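Peer 1: Could you look at this predicted model? Sequence included:
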Amino acid sequence: MNSTSKVAQVRLTRQSPSYWRVIFDHPPLNLMGPEFVVQFKEIMTELETNEQVKVVVFESAVEGFFLNHSDFLAKLEDLTGLPQGPTGLEAWPDILVRLTRAPVVSIALIRGRATGNGSEIALACDMSFASREKAVLSQWEVGVGLVAGGGPMARLPRLMGRGRALEVLLGADDIRGDQAASYGYVNQSLPDAELDDFVDALANRISSFDKWAIANTKRLVNAASLPPDVEIAAGWEACMTSIMRPAAQERLKTLLKRGFHKPGDAEDRLGSYVGELGR
């Protein structure tokens, strides 16, 4: 990171000049707050501008969590006050759109919870592979009266169809590895003991190929499949509006009282807890 005074919540390691790994490391819950976004933005710029990197794998160093939901105890203005990125979108959706369009292959290695922001990272990646035993994906926001801000309403229907996308978004429940794979939420779910070797072998294979061919193939697939930026921007605006609604604030307050934002059952079984809020 540029700043030596900040603890690295997102770490970049270079397996080789052409194969990089990005590790989410913000224990105990891998929450996404403003500082996480700032650090991720720096890495995103490196991925876009480095001429040698061809593949990046995203993974977690925090047991039980790939990347979790937003930090609701942080000041919202610290996030909304971050400058817009080069796409013209706000800081978080800007990173996601740039990742999807970067001339680099991005792979999410999902072990633990990919909740909210973690799900949005997985959806922005070119491929994602989940631990059969340990991966949990969730767009949980509707369950607390929120609208997701990182574009899953635009991305999920294109991956799994309208009905299943609505099931994931409006059900706001935890989706395990095998179900995620059967829905097209992730590419595959694999036994946890095989996940690392599978992803590493695929990343090494792709990193041996010609970058021009990789980048142009991805560019043409993007042209056929990506949502327009206006759809991503609309989701972010709805998310910011939803956070300030009294109904959402009340549900978040109730969830916090029940152990949300702390290591324990509420975070481990968030889908169950969200489902009980309105009963």
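Peer 2: Thanks, I have the structure now. Every value quoted in this text rests on a predicted model; they were computed, and no experiment measured them.
Peer 1: So for stretch 200-213, what gets flagged as buried?
Peer 2: By 16 or more other C-beta atoms under 10 Å, the buried positions in stretch 200-213 come out as D200, L202, A203, I206, S207, K211. In short, each C-beta sits where N, CA and C put it, glycine included.
Peer 1: and what of stretch 233-248?
Peer 2: A233, G235, W236, C239, M240, S242, I243, A248.
Peer 1: quick revisit: output the buried residues of stretch 200-213 in CSV; the columns should cover pLDDT, secondary structure and distance to E59.
Peer 2: Shown next, in CSV, are the buried residues of stretch 200-213 (pLDDT from 0 to 100; DSSP: H, G, I helix; E, B strand; the rest coil; distance: C-beta to C-beta, whole Å):
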residue, pLDDT, secondary structure, distance to E59
D200, 98, helix, 10
L202, 98, helix, 13
A203, 98, helix, 11
I206, 98, helix, 16
S207, 98, helix, 16
K211, 98, helix, 22
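Peer 1: how about the helices in the stretch 101-250 of the chain?
Peer 2: Taking DSSP state H, counting those that start in this stretch as the criterion, the stretch 101-250 of the chain carries its helices at 117-124, 152-160, 162-171, 177-183, 192-207, 211-225, 229-243, 246-257.
Peer 1: deepest of the ones you listed, which one?
Peer 2: Greatest average neighbour count among these goes to helix 117-124 (a mean of 27), per mean count of other C-beta atoms under 10 Å.
Peer 1: Low-confidence ranges, the protein, go.
Peer 2: 1-5 (pLDDT under 70).
Peer 1: V10 versus the most centrally placed residue in it, what's the distance?
Peer 2: Central residue of the chain (C-alpha atoms, centre = their mean): I121, 2.2 Å from the mean position. Distance check for I121 against V10: by C-beta to C-beta, to the nearest Å, it reads 11 Å.
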